[in-house]
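Asker: Predicted model and sequence follow; I will ask about them next.
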Amino acid sequence: MTGLPRRLASTRFIQSARSRALLLAMAALSACTPPPPVVNKGAIVRSDPFPGAPGGATASRIIYSSTAPDGSAIQVSALVVIPPTPAPAGGRPVVAWLHATTGIAEGCAPSQGPTPFAQIQGLNQFLAHGDVVVATDYPGLGLPGPHPYLVGASEARAALDSVRAVHAMPEARAGTRFAVWGHSQGGQAALFTASLAPSYAPDLQLVGVAAAAPVTDIATLLTQPGEDPLWGGLLAYTVASWSQVYGLQPTDIVTADAAATIARAATGCLETREQLERLTVDAAPLAGQPVTPSDRWRAVMNENYPQAWSSGVPVLLTQGARDPVIDPLVTRAFAQRLCQAGIPVRYVVLTRGDHYTAGVRSASSAAAWIRDRFAGSPPRDDCESAALR
């Protein structure tokens, strides 16, 4: 400030300080202001033919718009499979398939995996019924992430917007009626879809929810590990994802040594037997490690516990009796909560089923159950059965 009169220099200093303060205040306000609402949710950004669809069907890999956990606009990829049969006058029903855990890295998207059509459990039955099937990859898989793993609202928005995207495809000739069907992580996604559908997608008509071995009580899943080697991988995926999505600290739930193991193990995918074996080896050091969530971690776990929905949409819950990952008693307790909320529950226990086969073993019954929902048949309700009392 050399050469300026003292009063002028002082005035300019004050003005400069005020300007800096104003800029800081504006930046703080901007940081606290939520992003504008996403418009054109489900709009198709890109659509490419996808070869290899079974039974004379046609397929496309699409990229569509959706909503991130912070409310901002994102893009999500999905596989759409259209049956070869003529569409009915009211448009084809839509089945949203919600996949089980495949990993949290961008390259772990099912639509980019080695057997994308085989991953859609019950696909042939749905196509035979004349249903359009859409299989979202979820945010952060197939496109830049992070992937909000086991973040139920994020999965549900991706599912609902994938149905909207199909409805916007002229070649699909899809109506507004849809059902959701998922296994494990996809089961959680299906349950959250039922909760969010009335408010997030009132333009769509959900007729039924089918979930096999769904993730419900995440706190129990992560803090009470069984002997199954997959547990360490699920812990790694959850901690690595939530650290990015929610800004949580890994060392607020696991030890520093475990956090280092998690960072390495979470980079792998889980779509093939070889990848499963690699993940279990990488996550093996987590066995026996204490998992002690802080209050903030527990709050987020509770946030991602599916809640009963008020729409009365019926649900099919299938659970393997020999499941070493999802405790059958946890699924039963969740079914009872739905019953208390007045939701019709069809509850099926697979006596020889485990976690890995629950989706495959229940695919045919799920397809038949969903077909009945599209037909308008009254759902069976097991809430008064001995199994749920």
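Answerer: Structure's in. What do you need?
Asker: Tell me which residues touch the nearest residue to residue 53 once chain neighbours are set aside, please.
Answerer: Computed as C-beta to C-beta, 6 or more residues apart in numbering, the closest residue to residue 53 that is not its neighbour in sequence is residue 59, at 3.9 Å. From N, CA and C alone the C-beta is placed, and that goes for glycine too. Neighbour list for residue 59: 49, 50, 51, 52, 53, 79, 80, 81, 82, 117 [criterion: C-beta atoms under 8 Å, 6 or more residues apart in numbering].
Asker: If we use 6 Å, what do you get?
Answerer: Neighbouring residues of residue 59 by C-beta atoms under 6 Å, 6 or more residues apart in numbering: 50, 53, 81.
Asker: Does it lie in a helix or a strand, and which?
Answerer: strand 58-67 (DSSP states H and E).
Asker: what's the neighbour count on residue 274?
Answerer: 8 (other C-beta atoms under 10 Å).
Asker: Could you list the low-pLDDT ranges of this protein?
Answerer: The chain contains residues with pLDDT under 70 at 1-39.
Asker: swap the cut-off to 90 and go again
Answerer: Low-confidence segments of the chain (pLDDT under 90): 1-40, 55, 145, 224-230, 271, 273, 287-289, 352, 386-387, 389.
Asker: so who does the residue nearest to the spatial centre of it touch?
Answerer: In the chain, the residue lying closest to the centroid (C-alpha atoms, centre = their mean) is residue 155, at 2.9 Å. Residues near residue 155 by C-beta under 6 Å, 6+ apart: 138, 189, 192.
Asker: Can you name the residues in contact with stretch 249-266?
Answerer: Stretch 249-266 is contacted from outside by 236-237, 239-240, 243, 282-283, 285-286, 289, 291, 293-294, 297, using C-beta under 6 Å, 6+ apart.
Asker: start to end distance for that stretch?
Answerer: The first and last residues of stretch 249-266 sit 15 Å apart, counting by C-alpha to C-alpha, to the nearest Å.
Asker: in that stretch, what's buried?
Answerer: 250, 253, 254, 258, 259, 261, 262, 265, 266 (16 or more other C-beta atoms under 10 Å).
Asker: which of those residues lies closest to residue 88?
Answerer: Comparing these against residue 88 with C-beta to C-beta places residue 266 closest, at 44.6 Å.
Asker: Helices of this structure, start to end?
Answerer: In the chain, the helices defined using DSSP state H lie at 6-32, 123-128, 152-167, 185-200, 218-223, 230-245, 256-265, 273-283, 295-303, 328-340, 358-375.
Asker: any idea which of these is most buried?
Answerer: helix 152-167 (a mean of 27; mean count of other C-beta atoms under 10 Å).
Asker: Alpha carbons only: can I get that helix in PDB?
Answerer: The C-alpha trace of helix 152-167 is given here as PDB (Å, rounded to 0.1, in the frame of the first residue of the first chain):
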ATOM      1  CA  GLY A 152     -31.700 -48.000   0.000                       C
ATOM      2  CA  ALA A 153     -33.100 -44.600  -1.300                       C
ATOM      3  CA  SER A 154     -30.400 -44.400  -3.900                       C
ATOM      4  CA  GLU A 155     -31.200 -47.900  -5.200                       C
ATOM      5  CA  ALA A 156     -34.900 -47.200  -5.200                       C
ATOM      6  CA  ARG A 157     -34.500 -43.900  -7.200                       C
ATOM      7  CA  ALA A 158     -32.400 -45.700  -9.800                       C
ATOM      8  CA  ALA A 159     -35.100 -48.500 -10.000                       C
ATOM      9  CA  LEU A 160     -38.000 -46.100 -10.400                       C
ATOM     10  CA  ASP A 161     -36.200 -43.900 -13.000                       C
ATOM     11  CA  SER A 162     -35.200 -47.000 -14.900                       C
ATOM     12  CA  VAL A 163     -38.900 -47.800 -15.300                       C
ATOM     13  CA  ARG A 164     -39.600 -44.300 -16.400                       C
ATOM     14  CA  ALA A 165     -36.800 -44.700 -19.000                       C
ATOM     15  CA  VAL A 166     -38.400 -47.900 -20.400                       C
ATOM     16  CA  HIS A 167     -41.700 -46.100 -20.600                       C
END
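Asker: now that helix and strand 58-67, what's the angle there?
Answerer: Counting by axes from the mean of the first three to the mean of the last three C-alpha atoms, to 10 degrees, helix 152-167 lies at 130 degrees to strand 58-67.
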